[in-house]
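Colleague: following is a predicted model, sequence given first.
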Amino acid sequence: MDAKTGDHPQEIGFILVPGFALMSFASACEPFRAANDLAGRPLYRLRYFGEAEGRVAASSGAEVPTEALPRLRGPLHTLFVCAGGEPTGWDRPEIRATLRRMARLGVRIGGISGGPYLMAAAGLLAGRAFTLHWEYAGATVETFPDARLNRARYVADGDRLTCGGGVAPLEMAHALIAERMGEAFARRVSDWFLHTAIGAADDPQRASAAERYGIHHPALLTVLETMEKTVEAPLGRLAMARLAAISPRHLDRLFLKKLGLSFSAQYRAIRLAHGRRLLRQSPLRIGEIATACGFASAAHFARCYRSRFGCSPSAER
């Protein structure tokens, strides 16, 4: 018997919200299944929950059989909530109540992809550092302004675990298995999935600006990264040029040559993309979204939005 694991399997549950991302879910649960196979004995027991006994469909249409939400702790050690799609579909009072109840009973609570949003809505992340998929970051900050959101791949803060989804749960599971069984065994599990480059918890979720925009000019990258960080309070062209240590005219030439857009058009496109995410994901009023994207009025935001996306903000919502 391994002194670390004891006689009994560690029980890990997953609450699946309809529309959850199948890749995020599989990346989270498959390492524990592989650990059982490699150990030749049950180290972990996995359970899958839905709002009712039956089946829950992923965003791909694949369905996972589930049991009803747990009411008693029993041997449950850790409980993850896994959500995808749009936050407008995450108003799930029974799931929030279950998360709060299990937390009170001493279960470690985790969230995957959009799952941390439901944890925040349940009041379980107050004063806690956490992460979630970058696509939901804007809506989360606007809905929970006191949130301690990190742009990490996964975050462990006491008895709260949060993960950005995608393939990042592979790295979170590696850390959890190493915590229980040691690094050498966890490495064997990761090798099982050809996952040889284990990322650190605080590695970025997204590719660098250079990779996303396909450019490598340092001054232009500095300006683009600043644009993405200042959507609510846009900086002027002169201020950006000073920040990049180049002249305004040189800045204009770089944007046209490298991106095919003017400085103002690129900045506006970044702000409007942020607005689109907020329209789809947050409960904010359109006027509040306009302000959050640095527009002087809802009318100005609406005109720019229609020009960019071919529909009004209200139609988008």
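Modeller: Looks like it came in fine.
Colleague: quick one, helices of the stretch 51-200 of the chain?
Modeller: 93-104, 115-121, 137-143, 168-181, 183-192 (DSSP state H, counting those that start in this stretch).
Colleague: roughly how far does Ala126 sit from Val141?
Modeller: Here the criterion is C-beta to C-beta, to the nearest Å. By it, Ala126 lies 15 Å from Val141. No exception for glycine: its C-beta is placed from N, CA and C like everyone else's.
Colleague: which of the two has more residues huddled nearby?
Modeller: Val141 (16 against 10; other C-beta atoms under 10 Å).
Colleague: where does that one land on pLDDT?
Modeller: Val141 is assigned 89 on the pLDDT scale.
Colleague: who are the contact partners of the most centrally placed residue in the chain?
Modeller: Centre of the chain computed as the mean C-alpha position; nearest residue by C-alpha atoms, centre = their mean is His133, 1.3 Å away. For His133, the residues meeting the contact criterion (C-beta atoms under 8 Å, 6 or more residues apart in numbering) are 113-114, 164-166, 205.
Colleague: report the two of those separated the most.
Modeller: Comparing all pairs in the contacts of His133 by C-beta to C-beta, the longest separation belongs to Gly114 and Gln205, at 13.3 Å.
Colleague: which of these two has more residues huddled nearby?
Modeller: Between Gly114 and Gln205, counted using other C-beta under 10 Å, Gly114 has the larger neighbour count: 30 against 20.
Colleague: tell me the contacts of that one?
Modeller: If you count contacts by C-beta under 8 Å, 6+ apart, then Gly114 has 17, 83-85, 87, 90, 132-133, 136, 165 around it.
Colleague: do the same with Ala156
Modeller: 175, 201.
Colleague: measure it to Gly110 for me?
Modeller: Counting by C-beta to C-beta - Ala156 and Gly110 are separated by 9 Å.
Colleague: then Arg280?
Modeller: Distance from Arg280 to Gly110, counting by C-beta to C-beta: 25 Å.
Colleague: neighbour-wise, which of those two wins?
Modeller: Applying other C-beta under 10 Å to Arg280 and Gly110 shows that Gly110 carries more neighbours, namely 30 against 15.
Colleague: am I right that Arg276 sits in a strand?
Modeller: No. According to DSSP: H, G, I helix; E, B strand; the rest coil, the state of Arg276 is helix, so it is not within a strand.
Colleague: pLDDT at it, what is it?
Modeller: Note for Arg276: predicted pLDDT of 93.
Colleague: same question for Met1.
Modeller: As summarised for this prediction, Met1 has a pLDDT of 34.
Colleague: next one: Tyr213
Modeller: Tyr213 carries a pLDDT score of 89 in this model.
Colleague: SS state for the closest residue in space to it that isn't next to it in sequence?
Modeller: Nearest residue to Tyr213, sequence neighbours excluded (C-beta to C-beta, 6 or more residues apart in numbering): Leu224, at 6.1 Å. Under the three-state scheme (three-state DSSP), the conformation of Leu224 reads as helix.
Colleague: the stretch 201-317 of the chain: helices as residue ranges?
Modeller: Secondary structure of the stretch 201-317 of the chain (DSSP H, counting those that start in this stretch): helices at 209-213, 218-229, 237-244, 248-258, 263-281, 286-292, 298-309, 313-316.
Colleague: closest one to Ala120 among the ones you listed?
Modeller: Each of these was checked against Ala120 via C-beta to C-beta, and the shortest separation belongs to helix 263-281, namely 13.2 Å.
Colleague: quick one, the closest one and helix 298-309 angle?
Modeller: Following axes from the mean of the first three to the mean of the last three C-alpha atoms, to 10 degrees, one obtains 100 degrees for the angle between helix 263-281 and helix 298-309.
Colleague: helices or strands up against helix 263-281?
Modeller: When contacts are defined as 3 or more C-beta pairs under 8 Å, 6 or more residues apart in numbering; DSSP states H and E, helix 263-281 packs onto helix 137-143, helix 218-229, helix 237-244, helix 248-258, helix 286-292, helix 298-309, helix 313-316.
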